[in-house]
Structures are given as structure tokens and as C-alpha cells.
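Peer 1: need a structure here:
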Amino acid sequence: MALVYGDALMKHHLSDEHPLQPVRVKLAVDLIRSTGLIEHCHLLPPRPATVQELELVHSPEYVELVRTLSDPSRRRQVPPQAVDAAGYASADNPISDELHEGTSLVVGASLVAAEAIEGGAAVHAFSPSGGLHHAHRDRASGFCTYNDAAIACQWFKDRGHRVAYVDVDVHHGDGVEHIFESDPDVLTISLHESGHWLFPGTGFPQESGVGAGRGSAANVPFVPYTWDEPWLHAFEEVVPALLRRFKPTVLVTQDGCDSHHLDPLAHLSNTTRIWPRVGRTFHELAHELCEGRWLALGGGGYAIYEVVPRAWTLLFAEMVEHPELAAQVDDPTTVVPGPEAQERVWLALRRDLDRLAEVHGIPFSAPG
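Peer 2: Numbers count the residues shown, from 1 in each chain. Okay, the predicted model is just below:
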């Protein structure tokens, strides 16, 4: 088991006021250390990704634009329309002097984890700074400059793997899905709050890939106030069935923990109690289908102190098969909404699972 972390990752700092703060990664690693879980892994340092690695999924023009924007002496050379087209006219994606360097380190950290798996140094690897799943081929989006998740998937594919990517962040993994939507050798599955209520406004059951990739994307949207029980029902119905049919040789997971009821940027009502089940399911599927090969990435999570360290520690405990060491950091109880919200959540989930079953030709059992 490998854990990729180093203080250099604190350079991925968009601004002091930005919701995405790198200290959350440090806090998660600190908790992994204090629980004793750190004793069950090898700690690997990150490295910057090369330009060639960034260009595995990003256009050369986009990478050069980011490098230019990161250089104060050259920044003014970029015309405003190019800044806007590349996603940097939004407060979500501020320009900074360390924009390229900071995000290149995140990509490099995820590639160090991938290299450990491919080279046999580790069966599982966790890159908690990773999971920047909204970045597209030629533009930033949703706090994400370079898409380390997609780059890792492409890196594995280039080495002959069939890649399954499962994204449980509360926001749709749109960047990764769009990059691979026509690729039959990369399966993307995203479970997220419905785009009717939340950024990026995509990720509905009928979105299933295009051309040769039709059927290689699956989306499970949830309505606001979805809590642990319906969320886990959908997860455990959809993910194992689709993975078993696809037969991947490596599993990549984006483990954003912003579906928690305390997260300030979304409207789901999960607790950390989903994470042992999620981690155990991923672990079992990786061994069943992929000879254990599992790359876990971080992702969203904006209750920086209250939730992120605990959720990722619970996931990590399942990765190293020592859940008892993290049991004390779990939420004590599930949070359940009122009867009216419960009825609305189950009704919407039944409808969306039925639609997903039609699209993918797999009968998913309706919740009781």
C-alpha cells in the first residue's frame, strides 16, 4: 500500500478565500498518522508532472496558456477572450503565480501512485491531493486546472489496461467523462447530486457515452437530502454490476467526500458512515476483477476540519484492511431527513435507476 504526500502539495493553493484549501490533505494525512494507519503503508513523495504527461489529455495550447498565466512577466500577453475561453474569468478558477506548478504537483502525485501500482511496488495507492475531475481538455472548470484523474486513466490505458473510473464526489465527474466519452476501453461511473440543483448541471442517466463509447459512461444523480441508506443502495446496485460486466484490469476511484450533510457546497445528507462500505466495496472489487490494482484519489470536500480528514481516514483504513484503527473517527449516527423528503428521495431514485437500467441493459433492483 502506498500513500503519496509531501508538503510541496501545499503549493496547490488557489487563493486564501477559495473553498478548495490544500490544508485539508495535510489534515487527512495527520489523522492517518495519529490513528496508526500510516504504519501499514509506504509514504511516497510527489513530483511535478511533465508537460508531456499533462498532454496525455490536455491540448498543448492549453498547457502553454496555463504556464503563461502562471508567469507574472508574461500574463498580460494573454488576451481577455483567451482567458475567458480557458475558464479563468471565473472566481472558481483564479489565476496565481503557482497555478501551473501547484497543479502539476497534484498530477505528478497521482502518477507516482499509478507508477507504484503498475511497477508492483504497491497493490493499492492513495493520492489524497488528486481527483481534480472537472478540468476539460482545453479549459479549467470547477476549481480544477489539470485533470489528474483523467491523466492517470489515460496513463494506465497506454500501458494496456482496461480502466474503470468510479467517482463518488457530490459533483458530476464531467471532465473525466467527456474526455473518455467515445472510448470503449475506459468506463466512467459517477454518483452525484443531480445537475438540476448543482454544478456542473450534467450527469443524468441518459448520458452514457457517444459513438464507440456508447454505454461506457454511467450516471446516478441524487436529489437534495439523499442520505446514507438510498445513496448506498444505488452505489451497491450500480457499481459492482457495471464493473463486473466491463471487466477492468485497474480501478481508479475519485473519493470526494462533499456529499456529507455538513459540506457547505452541496445539499446531500450523507454521513461518514458511508465510507467503510464504499472502501470495502472498492477493495473487494479491485481484488475480484483487477488483481488488486486500485488507485484512489481525493476530490471535493469543503468541510475542511469537520469531515474531510475523517472520511479519507475511514477510506484509507479499508485500503490497508485495518478498519478498527479508524472506527473512533466515524460519525456516531446516520442523519435521516423528514418523511416528506424521504419519500421524494426514494421516488426519484427509483425513477433514475429504472432509466439507468434501460440505458445500460442491466436490471437494478428498486429500493424497498
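
Peer 1: can you give me the strands for the protein?
Peer 2: 2-4, 42-44, 124-127, 163-167, 186-193, 217-222, 250-254, 294-297 (DSSP state E).

Peer 1: didn't G142 look like it was pressed against F199?
Peer 2: Yes. Counting by CB atoms under 8 Å, F199 is a contact partner of G142 at 6.1 Å. Using the backbone N, CA and C atoms, a C-beta is placed for each residue, glycine as well.

Peer 1: show me which of these two is the more surrounded one.
Peer 2: G142 (22 against 19; other CB atoms under 10 Å).

Peer 1: quick check: neighbours shared by G142 and F199?
Peer 2: H171 (CB atoms under 8 Å, 6 or more residues apart in numbering).

Peer 1: circling back: need the strands of the chain in a markdown table (columns: distance to H18).
Peer 2: Below are the strands of the chain laid out as a markdown table (distance: least, CB to CB, whole Å):
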| stretch | distance to H18 |
| --- | --- |
| strand 2-4 | 23 |
| strand 42-44 | 27 |
| strand 124-127 | 20 |
| strand 163-167 | 22 |
| strand 186-193 | 21 |
| strand 217-222 | 26 |
| strand 250-254 | 20 |
| strand 294-297 | 19 |
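
Peer 1: which of the ones you listed sits closest to P332?
Peer 2: strand 217-222 (23.2 Å; CB to CB).

Peer 1: once you drop chain neighbours, what's closest to V57?
Peer 2: A150 (4.6 Å; CB to CB, 6 or more residues apart in numbering).

Peer 1: swap in G6?
Peer 2: Nearest to G6 is P45, by CB to CB, 6+ apart, at 4.3 Å.

Peer 1: how near is the one you found to A2?
Peer 2: Separation of P45 from A2 (CB to CB, to the nearest Å): 11 Å.

Peer 1: higher neighbour count, the two?
Peer 2: Neighbour totals were compared for P45 and A2, and A2 leads with 21 against 13 (other CB under 10 Å).

Peer 1: name whatever forms a beta bridge with the more buried one.
Peer 2: Here A2 sits in beta bridges with H42, A125, as judged by DSSP bridges.

Peer 1: what's G130 sitting at in phi/psi?
Peer 2: phi -80, psi -170 (degrees, to the nearest 10).

Peer 1: for it, what are its contacts?
Peer 2: V106, V107, A109, S110, A113, D148, A149, A152, Q254, L297, G298, G299.

Peer 1: out of those, which is most surrounded?
Peer 2: D148 (36 neighbours).

Peer 1: that one and H134 touch, don't they?
Peer 2: No. Counting by CB under 8 Å, D148 does not reach H134; the two are 11.4 Å apart.

Peer 1: can you pull the buried residues of the longest helix along the chain?
Peer 2: Of all the segments assigned as helix in the chain under DSSP state H, the longest by residue count is helix 339-360. Applying a neighbour-count criterion of 16 or more other CB atoms under 10 Å, one finds A341, Q342, V345, W346, A348, L349, D352, L353, L356, A357, V359, H360 buried in helix 339-360.

Peer 1: which stretches of the protein form helices?
Peer 2: For the chain, helices defined by DSSP H occupy the ranges 23-34, 51-54, 60-69, 80-85, 99-118, 148-157, 174-180, 228-246, 274-290, 308-319, 339-360.

Peer 1: quick one: closest of the ones you listed to A164.
Peer 2: Nearest to A164, of the helices of the chain and by CB to CB, is helix 228-246 at 5.3 Å.

Peer 1: so which elements touch that closest one?
Peer 2: strand 163-167, strand 186-193, strand 217-222, helix 274-290, helix 339-360 (3 or more CB pairs under 8 Å, 6 or more residues apart in numbering; DSSP states H and E).

Peer 1: what residues of it count as buried?
Peer 2: 228, 230-235, 237-239, 241-243, 246.

Peer 1: ok, now stretch 5-16?
Peer 2: Buried residues in stretch 5-16, counted by 16+ other CB under 10 Å: Y5, G6, A8, L9, M10, K11, H12, H13, L14.

Peer 1: please export the C-alpha coordinates of it as CSV.
Peer 2: Written as CSV, here are the backbone C-alpha positions of stretch 5-16 (Å, rounded to 0.1, in the frame of the first residue of the first chain):
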residue,chain,number,x,y,z
TYR,A,5,2.0,13.0,0.1
GLY,A,6,4.5,15.8,0.8
ASP,A,7,4.4,19.4,2.0
ALA,A,8,5.2,20.5,-1.6
LEU,A,9,1.5,19.8,-2.3
MET,A,10,0.6,22.9,-0.2
LYS,A,11,1.6,24.8,-3.4
HIS,A,12,-1.8,23.9,-4.9
HIS,A,13,-3.3,27.0,-3.3
LEU,A,14,-5.7,28.9,-5.4
SER,A,15,-6.3,31.8,-3.0
ASP,A,16,-6.8,32.4,0.7
